[in-house]
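Colleague: I would like the atomic coordinates for the input below:
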Amino acid sequence: MINEAGEILRIVLDGDWSMGGVAEKHSLLTESLSRLLNTETAADQLKCSPDAVREIDVSGITGFDACGCQLLALFVRTLRQNGVNAHVSNVPDTFRSTIHFLGFDHELNLPL
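Modeller: Sure thing, here's the model as predicted:
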């Protein structure tokens, strides 16, 4: 789920982010937050520079609804509240429409 490549830290999300699949995504995001925010032991911490670009790639998501949108927005918000700048990338047009319709454009920092 988390890939490091030099100055870019990429979080790749995939699978079903609709009401039926979002419950199992919570634990994955919790683990990612722990690693990104350095709350685990030193051996498990990421070695990515604090200034590295954080990208949340959503191209692998197969199903997306209001539940998934809200969970993604909370994940991004929690990162930002803890000083981790991240941006959502590779958003399919259909998901972009859902995000816009639900009013999460600003939260996910997507252009209108």
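Colleague: format the CA atom coordinates belonging to stretch 80-96 as CSV.
Modeller: C-alpha atoms of stretch 80-96 as CSV (Å, rounded to 0.1, in the frame of the first residue of the first chain):
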residue,chain,number,x,y,z
ARG,A,80,-2.7,17.3,7.0
GLN,A,81,-3.6,17.8,10.7
ASN,A,82,-0.4,16.0,11.5
GLY,A,83,1.8,18.1,9.2
VAL,A,84,1.9,15.6,6.3
ASN,A,85,1.0,17.3,3.0
ALA,A,86,-0.5,14.8,0.6
HIS,A,87,-2.4,15.0,-2.6
VAL,A,88,-4.8,12.6,-4.3
SER,A,89,-3.8,11.6,-7.8
ASN,A,90,-5.1,9.6,-10.7
VAL,A,91,-8.7,10.2,-9.9
PRO,A,92,-11.0,8.8,-12.6
ASP,A,93,-13.6,11.2,-14.0
THR,A,94,-16.5,9.1,-12.5
PHE,A,95,-14.9,9.4,-9.0
ARG,A,96,-14.2,13.1,-9.5
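Colleague: partners of the longest strand anywhere in the chain in the sheet?
Modeller: The longest strand of the chain (DSSP state E) is strand 53-64. Take DSSP bridges as the rule and strand 53-64 pairs in its sheet with strand 8-17 (parallel), strand 86-89 (parallel).
Colleague: so what touches it?
Modeller: 7-18, 20-21, 36, 68, 72, 75-76, 79, 84-92, 94-95, 98 (Cβ atoms under 8 Å, 6 or more residues apart in numbering). Any C-beta I mention is one placed from the backbone N, CA and C, and that applies to glycine too.
Colleague: filter those down to just the buried residues.
Modeller: 9-13, 16-18, 21, 36, 68, 72, 75-76, 79, 84, 86, 88, 91, 95, 98 (16 or more other Cβ atoms under 10 Å).
Colleague: now do the helices in the protein.
Modeller: 22-36, 66-81, 93-102 (DSSP state H).
Colleague: adding mean pLDDT, write those out as CSV.
Modeller: Shown next, in CSV, are the helices of the chain (pLDDT from 0 to 100):
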stretch, mean pLDDT
helix 22-36, 84
helix 66-81, 92
helix 93-102, 92
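Colleague: sweet, I'm off.
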